[in-house]
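>>> got a sequence here, can you build the structure:
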Amino acid sequence: MNTTDFDGARDARDTRTGPERTGTERAAPERDGAPDRDGGPTLGGPAALDAMRDQAVSILPAWGLDPGDWRVVDVVMGSLTGDLRPVIETGGERFLFRRQPPGIGEEALTFRHAWLRHLRAEGLPVPLPRPRPGGATHTLMADDAFELLEWRPGTRFAPDGPNNASALAAASSMLGLLHQASAHFPGPAHRWPADRGPLAVADAYLDNLRRAAERPDISAAVSASTVRAAESGTDRIALAATALAARPGPPELHIHGDYRAHNLGFADDAVAGLYDFDAAHWARRVDELAYALICFTGLREDESGGTEPQADDGLDIAKAHAFLRAYGAVAPPADGESALLGDALTLAFPIVLVNGIAEDLVFADDFGGPPPDEAILPRLEWSNAFWPWIDRYRDVLAEAWTPSGAR
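Presented below is the predicted three-dimensional model:
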């Protein structure tokens with residue numbers, strides 16, 4: 001959404017990152033606000049825009065920016081809180097003004113800014129925080145923390161676009177570069193608590209599915225298919241978590257935490273910007289590879305923000321091959337790591353199912369009610385076919401990750 005350059009001088013008035021949601025900037029670069037299915041959340045009206053501008057007017061002086069020093073040139077929406085977040089222009093540069101989502105404390109913010117500086121020094125196109133006059137890169141007001149991040153423009157990833165193959169390879173290679181650079185980060189590990197570990201989160205998402213199946217306003221067919229999706233994953237995620245917990249385990253490092261298409265911007269089929277690092281934390285890299293693999297080769301986000309499968313069952317195997325080859329060329333697997341990819345996919349699938357394929361069912365109240373049967377049932381059928389697909393292609397995917405010279 002372009003807000004047509006209303007300026008800061010006017011009126012000097014004042015991941016998801018848990019079982020409910022993941023990610024924060026719902027709007028991708030050069031998108032109009034927050035894409036959504038019919039009935040979903042939308043950008044606010046004039047009152048919301050006024051409140052957003054008033055907040056910026058009251059906070060930006062911490063960066064030495066008075067109302068006449070900047071103007072709002074664009075707006076994105078935070079999907080965790082629904083906050084409108086202005087893109088401001090000052091001195092010929094653009095920055096995203098952000099209030100931190102609830103649950104992200106000052107320690108996490110300090111880590112993230114240090115990690116972003118490290119990644120930028122390693123050559124990755126990540127946004128740097130703008131320092132305040134005293135050197136700090138955030139400010140506190142009441143219980144809220146605020147930051148100014150470089151705005152890096154880019155076009156959205158188009159899974160069916162004419163240059164999809166090169167953009168897909170670029171996204172995968174960038175993930176490998178991020179992981180390789182992260183392995184050299186000198187700071188302390190920023191760990192999430194155990195109740196936000198992969199198994200706990202996958203369990204919580206399956207519980208969300210079970211609750212959705214009990215809605216009185218869905219059909220018996222949708223309820224049964226939703227229960228089947230939840231129950232068929234329960235035993236599998238426990239077995240996968242056991243396999244991944246064996247020691248010595250796969251490499252661990254700081255990961256992006258929500259590496260999917262709408263958090264990347266492209267220019268000339270190269271990744272020009274990485275966004276939304278709110279979910280960054282110390283984890284197994286294979287977990288992030290699995291999550292990204294599903295998002296880029298299994299899901300398709302349409303222009304309205306809805307999510308559909310890319311293939312009749314499972315992932316688009318040709319794209320999955322290409323994604324893993326490109327990643328492996330930059331970040332080859334450690335000994336035994338590729339064999340765990342299927343287990344990591346198993347743990348990641350409930351997250352992308354609830355936050356993508358079945359989002360409008362699980363969070364139906366946010367969308368004005370559940371989707372019609374003809375819209376949701378094919379997606380649920382795809383999700384129920386995912387488990388046998390994993391069984392069939394587990395070894396194929398592991399081999400695709402391994403560079404040919406190492407086989």
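>>> hey, let's count contacts and neighbours off CA atoms from now on
Noted.
>>> now what about stretch 119-136, what contacts it?
62-64, 113, 116-117, 137-138, 147-152, 177-178, 181-182, 271-275 (Cα atoms under 8 Å, 6 or more residues apart in numbering).
>>> run through the strands of the stretch 251-400 of the chain in chain order.
Counting by DSSP state E, counting those that start in this stretch, the stretch 251-400 of the chain has strands at residues 252-255, 264-267, 270-274, 281-284, 299-301, 307-309.
>>> could I get these in TSV, plus columns for mean pLDDT, distance to residue 166 and mean neighbour count?
Converted to TSV, the strands of the stretch 251-400 of the chain look like this (pLDDT from 0 to 100; distance: least, Cα to Cα, whole Å; neighbours: other Cα atoms under 10 Å):
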stretch	mean pLDDT	distance to residue 166	mean neighbour count
strand 252-255	98	23	21
strand 264-267	94	11	22
strand 270-274	96	8	21
strand 281-284	97	27	19
strand 299-301	88	17	23
strand 307-309	93	21	22
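>>> bridging residues for residue 266?
Per DSSP bridges, residues listed as beta-bridge partners of residue 266: residue 155, residue 271.
>>> could you look up the SS state of the residue nearest to residue 337 when sequence neighbours are not counted?
Of all residues not flanking residue 337 in the chain, residue 250 sits nearest, at 5.6 Å (Cα to Cα, 6 or more residues apart in numbering). Classification of residue 250 by DSSP: H, G, I helix; E, B strand; the rest coil places it in coil.
>>> correct me, but residue 250 touches residue 286?
Yes - counting by Cα atoms under 8 Å, residue 286 is a contact partner of residue 250 at 7.4 Å.
>>> name the residues contacting each of the two.
Joint contacts of residue 250 and residue 286 (Cα under 8 Å, 6+ apart) are residue 337.
>>> and these two? which has more neighbours close in?
A direct count of neighbours by other Cα atoms under 10 Å for residue 250 and residue 286 places residue 286 higher, at 23 against 20.
>>> contacts only, for residue 321.
Residue 321 touches 397, 400, 401, counting by Cα under 8 Å, 6+ apart.
>>> which parts of the helix or strand hosting residue 117 are buried?
Residue 117 is part of helix 106-121 when elements are defined by DSSP states H and E. Buried residues in helix 106-121, counted by 16 or more other Cα atoms under 10 Å: 106, 108, 109, 111, 112, 113, 114, 115, 116, 117, 118, 119.
>>> isn't the fifth one up against residue 279?
No - Residue 112 lies out of contact with residue 279 (Cα under 8 Å); the separation is 9.4 Å.
>>> and the strands in the stretch 51-200 of the chain?
71-77, 84-90, 93-99, 139-141, 144-150.
>>> name the SS class of residue 234, please.
Residue 234 ends up helix, using three-state DSSP.
>>> shouldn't it be in contact with residue 203?
Yes - using Cα under 8 Å, residue 234 makes contact with residue 203 at a distance of 7.4 Å.
>>> who has more neighbours out of the two?
residue 203 (20 against 16).
>>> ok, that one - contacts?
234, 237.
>>> same question for residue 272.
So residue 272 contacts 125, 152, 153, 154, 264, 265, 266 (Cα under 8 Å, 6+ apart).
>>> how about low-confidence regions in this structure?
1-44, 78-82, 162, 303-305, 405-407 (pLDDT under 70).
>>> distance check, the residue most central in space within it against residue 129.
For the chain, the residue nearest the mean C-alpha position is residue 258 (2.9 Å; Cα atoms, centre = their mean). Between residue 258 and residue 129 the distance is 19 Å, computed by Cα to Cα, to the nearest Å.
>>> so what's residue 148 bridging to?
residue 97.
>>> how about the contacts made by it?
95, 96, 97, 98, 129, 130, 137, 138.
>>> find the nearest non-adjacent residue to residue 154, please.
Nearest one to residue 154, counting by Cα to Cα, 6+ apart, is residue 265 at 4.1 Å.
>>> quick check: the one you found vs residue 243, distance?
For residue 265 relative to residue 243 (Cα to Cα), the value is 35 Å.
>>> pull out the buried residues from the longest helix belonging to the chain.
If each helix of the chain is counted by residues according to DSSP state H, the longest one is helix 373-401. Buried residues in helix 373-401, counted by 16+ other Cα under 10 Å: 376-384, 386-387, 390, 394, 397-401.
>>> same check, this time on stretch 290-308
Using 16+ other Cα under 10 Å as the test for burial, stretch 290-308 gives 290-301, 305-308.
>>> what of stretch 144-153?
For stretch 144-153, by 16+ other Cα under 10 Å, it's 145, 146, 147, 148, 149, 150, 151, 152, 153.
>>> before we move on, back to that, which among the contacts of residue 148 end up buried?
95, 96, 97, 98, 129, 130, 137, 138.
>>> residue 140 contacts residue 109, doesn't it?
No - the criterion here is Cα under 8 Å, and residue 140 misses it with residue 109 at 11.3 Å.
>>> out of the strands of the stretch 51-200 of the chain, which gets nearest to residue 229?
strand 71-77 (30.4 Å; Cα to Cα).
>>> show me what that closest one is packed against.
The contact analysis (3 or more Cα pairs under 8 Å, 6 or more residues apart in numbering; DSSP states H and E) places strand 71-77 against strand 84-90.
>>> for the strand it packs on, output the C-alpha coordinates as CSV.
What follows is strand 84-90, C-alpha atoms only, in CSV (Å, rounded to 0.1, in the frame of the first residue of the first chain):
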residue,chain,number,x,y,z
LEU,A,84,0.9,-0.8,10.6
ARG,A,85,4.6,-0.2,10.1
PRO,A,86,5.7,2.8,8.2
VAL,A,87,8.5,3.0,5.7
ILE,A,88,10.0,6.4,6.2
GLU,A,89,12.3,8.4,4.0
THR,A,90,14.9,10.7,5.6
